[in-house]
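[1] no FASTA, just this:
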């Protein structure tokens with residue numbers, strides 16, 4: 001078969017697959033199956049309608065932006081002529097890893113294209129930011145979606161304006177583009193017609209084999225979670241067990257990826273009897289499970305199970321992201337309820353990783369919280385019973401659009417390359433659903449109404465809760481570059497607790513700053529041994545920077561709450577028998 005015939009066969013195969021996809025989409029639309037778009041087009045249109053009205057009423061900002069743009073453009077044209085005639089390189093506006101190919105600097109056409117794009121992007125964003133007459137939420141939406149547009153229009157995202165793609169096309173005779181088309185079709189078929197580029201080699205990892213490998217047993221389970229007890233690696237362990245409450249928006253093994261970066265394995269090695277909640281990936285049958293069900297069947301049920309397994313009523317607890325929000329609410333409920341079965345003393349200390357309690361400033365996630373979008377999501381969940389995992393994934397990917405969307409479009413579809421095998425991105429693609437009742441409560445009560453930080457604002461299991469009644473010693477770790485839980489907001493939540501507390505600010509972002517093993521000696525962290533002042537900026541004044549991982553700092557902080565040394569406990573050796581090997585079956589449930 002000649003190359004031409006081979007290409008024709010490939011194109012015919014792609015056309016057939018495309019036709020089947022289109023027919024499937026038409027059938028799905030005709031069936032009346034519930035759909036929801038995140039972000040919601042109506043919300044976007046509403047935001048930019050307000051922007052247009054504001055510009056018509058006060059056109060001066062956009063006029064100034066246009067004047068400034070043309071002045072800078074004239075300067076850029078002058079510099080480009082100097083490059084052409086004198087070989088003088090253009091000044092780089094800003095470092096940007098999208099433009100790492102050397103032709104973006106050395107080639108006159110590409111250098112001009114790059115600088116023109118960056119300059120236009122800057123003026124457009126500055127112009128939008130300078131518009132008067134928008135409320136704070138609308139202004140944030142306009143800025144966010146303007147950035148999405150700018151990111152999408154980068155010349156790196158198009159075959160004809162990306163020098164790396166042009167070189168690959170010439171060298172391979174267009175094979176890269178053919179490979180890219182096939183990979184795009186694979187993604188469309190795998191995701192039911194949704195274009196979600198693969199971030200990693202999805203066949204390179206298997207739970208229990210090369211990720212989530214810390215040995216242990218599932219010793220308890222209910223509708224919402226499996227409880228894993230890990231096998232000790234020391235002859236003696238701390239008397240007080242450690243319970244970890246991970247987020248249910250993603251799966252628990254972010255804390256147990258590979259051996260070298262597993263927080264769970266490290267904690268076991270430090271002599272802790274570690275228990276971890278592995279949340280179920282819920283379907284429609286769990287649609288009515290509410291936030292308080294997650295409390296009762298999550299951390300509270302785990303306390304009873306741990307007592308049965310070890311004989312210990314008390315635990316130290318740690319929780320991550322929304323898991324920390326749940327643990328905080330649980331601590332407040334225990335403090336207020338006066339329940340003899342669950343007194344506040346059952347949790348000796350709490351460590352909260354990048355945890356939002358005060359949602360006054362939820363960062364860019366707040367862009368997705370308005371009445372238009374919430375009603376659309378709720379209508380979908382009422383019919384479906386849950387929110388799809390890929391819909392949550394889209395939201396989080398848009399927070400870092402160039403890294404988590406467009407870089408893979410270029411790599412997979414334009415360069416025709418397979419994505420690299422990366423454990424963190426494999427976890428990131430392993431999405432989970434959200435039960436309708438729980439997610440409605442979370443979005444409304446916390447993100448929209450910000451009731452969790454208000455005394456009596458939230459009622460759980462018949463008890464109004466108040467964060468100010470929590471006297472449990474607490475350790476808060478946040479990260480400087482967190483785009484999901486901004487550290488200034490987590491700091492505000494930390495100030496609500498009434499007991500002794502330590503606030504630590506780590507480096508990097510929401511994931512890398514937490515999954516930061518001591519052996520890596522990366523990022524560092526900052527501490528300040530003072531009562532938390534009202535303003536986060538004031539806390540930073542005089543704070544002490546440390547090299548290495550915050551894990552060691554937390555280990556030293558929790559040590560006084562760990563009790564004496566006792567003989568190591570084997571999973572299944574107490575009143576709870578082993579059900580199955582870790583990581584268990586709940587975590588292995590994949591979205592279809």
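    The structure has been received and is ready for your questions. These figures come from a predicted structure and were not determined experimentally.

[2] the strand or helix carrying residue 139 packs against which elements?
    Applying DSSP states H and E as the criterion places residue 139 in helix 136-152. If you count contacts as 3 or more CB pairs under 8 Å, 6 or more residues apart in numbering; DSSP states H and E, helix 136-152 packs onto helix 41-57, helix 108-129, helix 401. To be clear about C-beta, it is placed using only N, CA and C from the backbone, and glycine gets the same treatment.

[3] what residues sit buried inside it?
    138-147, 150-151 (16 or more other CB atoms under 10 Å).

[4] nearest to residue 453, of those?
    Among those, residue 140 lies closest to residue 453 (CB to CB), at 20.2 Å.

[5] what does the model give that closest one for pLDDT?
    Note for residue 140: predicted pLDDT of 95.

[6] ok, which stretches of the stretch 251-400 of the chain are helices?
    Taking DSSP state H, counting those that start in this stretch to define them, one finds helices in the stretch 251-400 of the chain at 263-269, 291-295, 301-310, 322-337, 371-384, 389-398.

[7] buried set for the second one?
    Using 16+ other CB under 10 Å as the burial criterion, the residues of helix 291-295 that qualify are 291-295.

[8] packing partners for it?
    Counting by 3+ CB pairs under 8 Å, 6+ apart, helix 291-295 packs on helix 322-337, helix 436-441, strand 459-460.

[9] still on that earlier bit, the helix or strand following the helix holding residue 139 versus helix 108-129: what angle between them?
    Downstream of helix 136-152, the next assigned helix or strand under DSSP H and E is helix 163-172. When axes from the mean of the first three to the mean of the last three CA atoms, to 10 degrees is applied, the directions of helix 163-172 and helix 108-129 differ by 140 degrees.

[10] ok, then the element right after helix 163-172?
    Counting by DSSP H and E, what follows helix 163-172 is helix 175-190.

[11] and the direction of that following helix versus that of helix 163-172, what angle?
    110 degrees.

[12] how far out from the middle of the chain is helix 175-190?
    26 Å (CA atoms, centre = their mean, to the nearest Å).

[13] in JSON lines, list the buried residues of helix 136-152 along with distance to residue 386.
    Below are the buried residues of helix 136-152 laid out as JSON lines (distance: CB to CB, whole Å):
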{"residue": "138", "distance to residue 386": "30"}
{"residue": "139", "distance to residue 386": "32"}
{"residue": "140", "distance to residue 386": "28"}
{"residue": "141", "distance to residue 386": "26"}
{"residue": "142", "distance to residue 386": "31"}
{"residue": "143", "distance to residue 386": "31"}
{"residue": "144", "distance to residue 386": "26"}
{"residue": "145", "distance to residue 386": "27"}
{"residue": "146", "distance to residue 386": "32"}
{"residue": "147", "distance to residue 386": "30"}
{"residue": "150", "distance to residue 386": "33"}
{"residue": "151", "distance to residue 386": "30"}
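
[14] and the residues you listed, which is closest to residue 67?
    Taking the buried residues of helix 136-152 together and measuring to residue 67 by CB to CB, the closest member is residue 146, at 19.3 Å.

[15] OK, contacts around that closest one?
    By CB atoms under 8 Å, 6 or more residues apart in numbering, the contact list for residue 146 reads 124-125, 128.

[16] mind giving me the ChimeraX select for those residues, buried ones only?
    Applied in ChimeraX, the following selects the buried portion of the contacts of residue 146 according to 16+ other CB under 10 Å:
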select :124,128
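
[17] just put the contacts of residue 146 in JSON lines and tack on pLDDT and distance to residue 474.
    Below are these laid out as JSON lines (pLDDT from 0 to 100; distance: CB to CB, whole Å):
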{"residue": "124", "pLDDT": "92", "distance to residue 474": "43"}
{"residue": "125", "pLDDT": "93", "distance to residue 474": "38"}
{"residue": "128", "pLDDT": "91", "distance to residue 474": "40"}
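
[18] could I get the contacts of residue 146 in JSON lines, plus columns for distance to residue 242?
    Formatted as JSON lines, those follow (distance: CB to CB, whole Å):
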{"residue": "124", "distance to residue 242": "49"}
{"residue": "125", "distance to residue 242": "45"}
{"residue": "128", "distance to residue 242": "47"}
